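A.B. asks: Need coordinates for the following:
(chains A and B)
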Amino acid sequence: SQTIHQWPATLVQPVGSPLSLECTVEGTSNPNLYWYRQAAGRGLQLLFYSVGIGQISSEVPQNLSASRPQDRQFILSSKKLLLSDSGFYLCAWTPLTGGNQPQHFGDGTRLSIL
Amino acid sequence: GENVEQHPSTLSVQEGDSAVIKCTYSDSASNYFPWYKQELGKRPQLIIDIRSNVGEKKDQRIAVTLNKTAKHFSLHITETQPEDSAVYFCAAHNQAGTALIFGKGTTLSVSS
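C.D. replies: Below you'll find the model as predicted:
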């Protein structure tokens, strides 16, 4: 069966520091991969999605970036974190067939910026 | 692009009552509509979904209805229980069909 892993589970970083969050999927090939952010008590904001290695689509302008160096690995990065980057970051995947398929979420990373 | 509106933002019911959450979407080409439940501090989990070739789907106490003409869909929970308390999100596909766009969520509180 397919599983999705995210780490770390929690992270506390100072303003201006770099960020790297990692997500990997097991048990499937060529998944579509997604990064969402959820501010406290708010909805799910789509940040990036990827339909293949090296293919990244950005949904909102920001100081975050994403990369997909391997088929089942998706990384969210920042060179300099802002206070507004605090939130709950969720990675998700769907089969390559994509349309009409549910997204399955990882357990998330809770990021606090001090 | 796709826009999903969800109402109400909060909903309080007594145990045993029914709860209804409604969503509207903007892209008439959307054809897949899932609902997720998120408990505090946890990841969203799929509870039910519906595709555009059907108007209603039911799974025990949960049902979803879809009106493609009006571009709205609803989640119905019957005989609510305290463990149904959570945040519920509706979603629809973006224009490219490559990602889900979520509503802002409904916080459901079921009191016993």
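A.B. asks: What about B:Cys90, how many residues nearby?
C.D. replies: 28 (other C-beta atoms under 10 Å in any protein chain shown). All C-beta spots, glycine's among them, are computed from the backbone N, C-alpha and C.
A.B. asks: Distance of it relative to A:Leu76?
C.D. replies: 25 Å (C-beta to C-beta, to the nearest Å).
A.B. asks: For chain A, which segments count as strands?
C.D. replies: Remark: strands assigned in chain A by DSSP state E are A:3-7, A:10-13, A:19-26, A:32-38, A:45-52, A:55-58, A:64-70, A:73-78, A:87-94, A:104-105, A:109-113.
A.B. asks: which non-adjacent residue is nearest residue 63?
C.D. replies: As the question left the chain open, I've gone with chain A. A:Ser78 (5.7 Å; C-beta to C-beta, 6 or more residues apart in numbering or on different chains).
A.B. asks: actually it's chain B I care about, not the one you picked
C.D. replies: That would be B:His76: by C-beta to C-beta, 6+ apart, it lies 4.5 Å from B:Ala63.
A.B. asks: go on, A:Ser17?
C.D. replies: Closest to A:Ser17 by C-beta to C-beta, 6+ apart is A:Leu81, at 5.5 Å.
A.B. asks: remind me which residues of chain A are low pLDDT?
C.D. replies: Along chain A, the parts satisfying pLDDT under 70 run over A:61, A:97-99.
A.B. asks: quick one: the most centrally placed residue in chain A and B:Ala29, what's the gap?
C.D. replies: Geometric centre of chain A, nearest residue: A:Trp35, 2.9 Å, by C-alpha atoms, centre = their mean. Counting by C-beta to C-beta, the gap from A:Trp35 to B:Ala29 is 24 Å.
A.B. asks: Quick check, A:Glu59 in contact with A:Ser50.
C.D. replies: No: assessed by C-beta atoms under 8 Å, A:Glu59 is found out of contact with A:Ser50, at 11.7 Å.
A.B. asks: Output the set of residues of chain B in proximity to chain A.
C.D. replies: B:31-32, B:34, B:41-46, B:49, B:51, B:89, B:93-94, B:97-105 (C-beta under 8 Å from any C-beta of the partner chain).
A.B. asks: Now, of these, which are buried?
C.D. replies: B:31-32, B:34, B:43-44, B:49, B:89, B:93-94, B:97-105 (16 or more other C-beta atoms under 10 Å in any protein chain shown).
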